[in-house]
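In: Sharing a sequence plus its predicted fold:
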Amino acid sequence: MKQVLAALALLFFAATAFAQWKTDGMLEAPPNRSAGLYAGNAKQDIQRALASATKSHKRVLLVFGGDWCYDCHVLEYNFHQDPALHSLLESNYKLVNVDVGKYDKNLDLAAKYKMNLSKGVPALAVLDPGGKLLYSDPGGFFEHARGMTKQEVADFLAQWAPPRKKP
């Protein structure tokens, strides 16, 4: 009987340790959803971001999504609440949230930036300051943001950051 209890206790502690390890470094859930996260005029917002990116030598990060999308809120929350992700984002990008509504808004922008919205949102695109498309989500990479690690997002932001000038 003692061996059975010891085995059950060991199994319980192993399962608890694995669960904690598995969630370490994962994107955090926002305490609530930000109302109007995807409000705004996407075309004007993109033009303003491109003008600002030109002056600051940054790239433009387009996040296609909607206020109804939980994973969009997870990604946005971590962009601004995680110090490492926030630093990468602020140092290298101008962020524009593009509202897709219920897949009935800004579809012209989705087509222009080669977004595969059939795979879900959030879906990301990266533009250089001149508006040239550098990266377009092939579909589904960020769709399950709640299951992504902070390192995966950091790696993406670092990969598409503008090259640094050598002194």
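Out: Ah, there it is. Numbering: from 1, shown residues only.
In: ok, which stretches of this structure are helices?
Out: In the chain, the helices defined using DSSP state H lie at 2-23, 42-56, 70-81, 83-92, 107-112, 150-160.
In: can I get those in TSV with distance to residue 132, mean pLDDT and mean neighbour count?
Out: Quick note: C-beta positions are derived from backbone N, CA and C, even for glycine. As requested, the helices of the chain are exported to TSV (distance: least, C-beta to C-beta, whole Å; pLDDT from 0 to 100; neighbours: other C-beta atoms under 10 Å):
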stretch	distance to residue 132	mean pLDDT	mean neighbour count
helix 2-23	38	42	9
helix 42-56	10	97	16
helix 70-81	23	97	20
helix 83-92	16	97	15
helix 107-112	12	97	15
helix 150-160	12	97	16
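In: Nearest to residue 98, out of the ones you listed?
Out: Residue 98 lies closest to helix 42-56 among the helices of the chain, at 4.5 Å (C-beta to C-beta).
In: Which strands or helices does that closest one pack on?
Out: strand 59-65, strand 93-99, helix 107-112, strand 123-127 (3 or more C-beta pairs under 8 Å, 6 or more residues apart in numbering; DSSP states H and E).
In: on that earlier part again, so can I have JSON lines of the helices of the chain showing distance to residue 129?
Out: Listed next are the helices of the chain as JSON lines, based on distance: least, C-beta to C-beta, whole Å:
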{"stretch": "helix 2-23", "distance to residue 129": "37"}
{"stretch": "helix 42-56", "distance to residue 129": "4"}
{"stretch": "helix 70-81", "distance to residue 129": "20"}
{"stretch": "helix 83-92", "distance to residue 129": "12"}
{"stretch": "helix 107-112", "distance to residue 129": "17"}
{"stretch": "helix 150-160", "distance to residue 129": "13"}
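In: so who does the residue positioned nearest the centre of the chain touch?
Out: By C-alpha atoms, centre = their mean, the chain has its centre lying nearest to residue 75, at 4.2 Å. Taking C-beta atoms under 8 Å, 6 or more residues apart in numbering, we find residue 75 in contact with 27, 63, 65, 122, 142, 145, 153.
In: and which of those residues is nearest residue 128?
Out: The shortest gap between residue 128 and any of those belongs to residue 63, at 16.9 Å (C-beta to C-beta).
In: and the closest one, what does it touch?
Out: Applying C-beta under 8 Å, 6+ apart to residue 63 gives the contacts 72, 75, 76, 95, 96, 97, 98, 122, 123, 124.
In: can you pull the contacts of the third one?
Out: Each residue near residue 76 by C-beta under 8 Å, 6+ apart is listed here: 30, 34, 37, 63, 97.
In: By neighbour count, which of those residues wins?
Out: Among those, the one with the most neighbours (other C-beta atoms under 10 Å) is residue 97, at 23 neighbours.
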